[in-house]
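A.B. asks: Take a look and give me a structure for this.
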Amino acid sequence: MEDIRYFFEKLLGIKSPWQITKVTQEQSRSRVDLFVEHAKGIKFPCPKCEQFCSIYDHTEEREFRHLNIFQMATYIHLRIPRVQCPTDGIQRIEHGLAEPNGKVTFEFEKAVLSLEQECSLESVCRILNADWHLVQNLQERAVQRGFERKPQKIPKRLGVDEKSFAKGHKYETIVHNIDTGTVEYVCDDRAQESLEAYYKKFTPDERACVEAVTMDMWDPYIAATKAYIPDAKSKIVFDRYHVMKYVVDAVDKVRKQEHAELKEDGCEMLKGTKYLFLWSQENIPEWRREEFDNLRSKDLKVCRAWAIKENIRHLWEYYSEGWMRKYFAKWYWWATHSRLEPMKKAAHTLKGHIENIVTYAKHHITNALGESLNSKIEKVKRLACGYRNRAHYRTAIYFHCGGLDLFPKRSNIALQVISS
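C.D. replies: Below is the predicted model of the structure:
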């Protein structure tokens, strides 16, 4: 038994006057328990003033989950000493195994968080033979720790987008920092109040430091930003992706209408061509270019719609608001005189929002990063096979996309003892 205790002391780095006094093992539960005590006649430093004091008493025995040993769950048992300090009274010493009131050692918590960054919670539980609630709580505590360490500061350049939480039009509003690529805020729904709740966290002077906000053309987000961000009219930039989506959807409507008309006459030349007209010209696969060129040589409405769609892309090549307005005016005349109702409707929509489309020339930002974060969030959701609990969903988003300092740090006060 002495050899076993000595082996575990070396394995865990336990040094005198601390020692392992007992080792128990339960094969049926794949569990090892290590009982640690200190030698008698020892003085410990007061956690506040660091003067060495005599032991007053001990707390009740506490159990700390540690890394697996030989694929067996390992638990360390310890009665934590309390000292009688003449200056600060009775104080509990810092044992250095875990955070205050923590139930797992620093090493175990770091291992869990590292695995959670790569695996689902269920996988972490299987790998470490751990309880799901423990693993989930460690993730929540890591996120809370990260926010405590993160400075409370509003980014200069913000992106606002929504992410579907579940079927039935259930959404989360997501605010991200364009410069760091991190999620700053997540809340329920995509209402005006959802975004306002984020802006209210900061003072008017802090909000005045915001230089630009990119978003889609969603009225509640626009209203919230105009209500809380000074000079929002010149700072809101409607995202290029969402602007293009209106035009792309219009092209698809033209294709569907024309396909239905041609099908009545027994012609199915547009069958299976949906993405040929949705793709950008440079993204059309080589093996379909000949097919696409043949379609363009015919007098088709969808080809005219496609040409209108391709030309609006040049709008973002200008570096002056004035030139963007001039180009849009020409494009708008073309789209509204195309005799294609979906294209006319899309053009009218864009004209109603042109003031915050041309602000791109000043700020040169898009919500491409937001779409990238949405893809990462979707990956996290699929890894977990979905979430029924919104709080757990938000925690996972912050954990994987928040750029937070998640890992625990040991106390700077070393565990010191002297013989009395």
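
A.B. asks: Tell me where the stretch 201-350 of the chain is predicted with low confidence.
C.D. replies: The stretch 201-350 of the chain contains no residues with pLDDT under 70.

A.B. asks: How is the protein divided into domains?
C.D. replies: Using automatic domain parsing, the domains assigned to the chain come out as 2-145, 240-363.

A.B. asks: For R304, list the residues it contacts.
C.D. replies: Contact analysis of R304 by C-beta atoms under 8 Å, 6 or more residues apart in numbering lists S338, L340. All C-beta spots, glycine's among them, are computed from the backbone N, C-alpha and C.

A.B. asks: That one belongs to a helix, doesn't it?
C.D. replies: Yes: judged by DSSP: H, G, I helix; E, B strand; the rest coil, R304 forms part of a helix.

A.B. asks: What separation is there between it and E286?
C.D. replies: In this view, R304 and E286 are 25 Å apart by C-beta to C-beta, to the nearest Å.

A.B. asks: cool, and R255?
C.D. replies: Applying C-beta to C-beta to R255 and E286 gives a distance of 22 Å.

A.B. asks: Could you count how many residues lie near R288?
C.D. replies: Using other C-beta atoms under 10 Å, R288 has 14 other residues around it.

A.B. asks: whoops, I mixed them up, G159
C.D. replies: Neighbours of G159 under the rule other C-beta under 10 Å: 27.

A.B. asks: Could you number the chain from 31 rather than 1 from now on?
C.D. replies: Got it, the first residue is 31 from now on, which makes the last one we talked about G189.

A.B. asks: Please name the residues that touch it.
C.D. replies: The contact partners of G189, by C-beta under 8 Å, 6+ apart, come to V205, H206, N207, I208, V243, T244, M245, I395, N397, L399, G400.

A.B. asks: repeat that for 10 Å
C.D. replies: Contacts of G189 were listed using C-beta atoms under 10 Å, 6 or more residues apart in numbering, and they are 204-208, 211, 213-214, 242-245, 267, 269, 395-401, 403.

A.B. asks: With W363 instead?
C.D. replies: A377.

A.B. asks: For it, grab phi and psi.
C.D. replies: Phi and psi for W363, reported as degrees, to the nearest 10, are phi -60, psi -40.

A.B. asks: Quick one: the strands in the stretch 131-280 of the chain, in order.
C.D. replies: With strands called from DSSP state E, counting those that start in this stretch, the stretch 131-280 of the chain shows them at 187-196, 200-207, 212-218, 242-245, 266-268.

A.B. asks: could those be laid out in JSON lines, adding distance to D87?
C.D. replies: Formatted as JSON lines, those follow (distance: least, C-beta to C-beta, whole Å):
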{"stretch": "strand 187-196", "distance to D87": "50"}
{"stretch": "strand 200-207", "distance to D87": "49"}
{"stretch": "strand 212-218", "distance to D87": "45"}
{"stretch": "strand 242-245", "distance to D87": "58"}
{"stretch": "strand 266-268", "distance to D87": "63"}
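
A.B. asks: Out of those, which is closest to N167?
C.D. replies: Smallest distance to N167 across those (C-beta to C-beta): 19.2 Å, for strand 212-218.

A.B. asks: Packing partners of that closest one?
C.D. replies: strand 187-196, strand 200-207, helix 222-229, helix 398-413, helix 420-431 (3 or more C-beta pairs under 10 Å, 6 or more residues apart in numbering; DSSP states H and E).

A.B. asks: Quick one, which of those gets closest to A141.
C.D. replies: Nearest of the helices and strands packed on strand 212-218 (C-beta to C-beta): helix 420-431, 15.4 Å.

A.B. asks: returning to what we had before: export the domains of the chain as a markdown table, with columns for distance to R237.
C.D. replies: Output for these, formatted as a markdown table (distance: least, C-beta to C-beta, whole Å):
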| stretch | distance to R237 |
| --- | --- |
| domain 32-175 | 25 |
| domain 270-393 | 17 |
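
A.B. asks: returning to what we had before: out of the helices and strands packed on strand 212-218, flag the one nearest Y348.
C.D. replies: Here helix 398-413 is closest among the helices and strands packed on strand 212-218 (C-beta to C-beta), at 18.4 Å.

A.B. asks: Just want the angle from that closest one to strand 187-196.
C.D. replies: With axes from the mean of the first three to the mean of the last three C-alpha atoms, to 10 degrees defining the directions, helix 398-413 sits at 30 degrees from strand 187-196.

A.B. asks: now helix 398-413, how far from the centre of its chain.
C.D. replies: Distance, stretch centre to chain centre, for helix 398-413: 8 Å (C-alpha atoms, centre = their mean, to the nearest Å).

A.B. asks: what about the helices in the stretch 281-430 of the chain?
C.D. replies: With DSSP state H, counting those that start in this stretch as the criterion, the stretch 281-430 of the chain has helices at 304-308, 316-326, 331-342, 351-366, 371-382, 390-393, 398-413, 420-431.

A.B. asks: With distance to F100 as added columns, please give those in a markdown table.
C.D. replies: Shown next, in a markdown table, are the helices of the stretch 281-430 of the chain (distance: least, C-beta to C-beta, whole Å):
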| stretch | distance to F100 |
| --- | --- |
| helix 304-308 | 55 |
| helix 316-326 | 56 |
| helix 331-342 | 63 |
| helix 351-366 | 67 |
| helix 371-382 | 65 |
| helix 390-393 | 58 |
| helix 398-413 | 29 |
| helix 420-431 | 30 |
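
A.B. asks: and R92, which of those is closest to it?
C.D. replies: Nearest to R92, of all those, is helix 420-431, at 26.2 Å by C-beta to C-beta.

A.B. asks: on contacts alone, who are the packing partners of that closest one?
C.D. replies: Applying 3+ C-beta pairs under 10 Å, 6+ apart, one finds that helix 420-431 contacts helix 136-146, helix 162-179, strand 187-196, strand 200-207, strand 212-218, helix 398-413.

A.B. asks: Near L97, how many other residues are there?
C.D. replies: Neighbours of L97 (other C-beta under 10 Å): 16.

A.B. asks: Would you indicate which residues of the host helix or strand of it are buried?
C.D. replies: Per DSSP states H and E, L97 falls inside strand 92-99. Residues of strand 92-99 classed as buried: R92, F94, R95, H96, L97, N98 (neighbour count, 16 or more other C-beta atoms under 10 Å).
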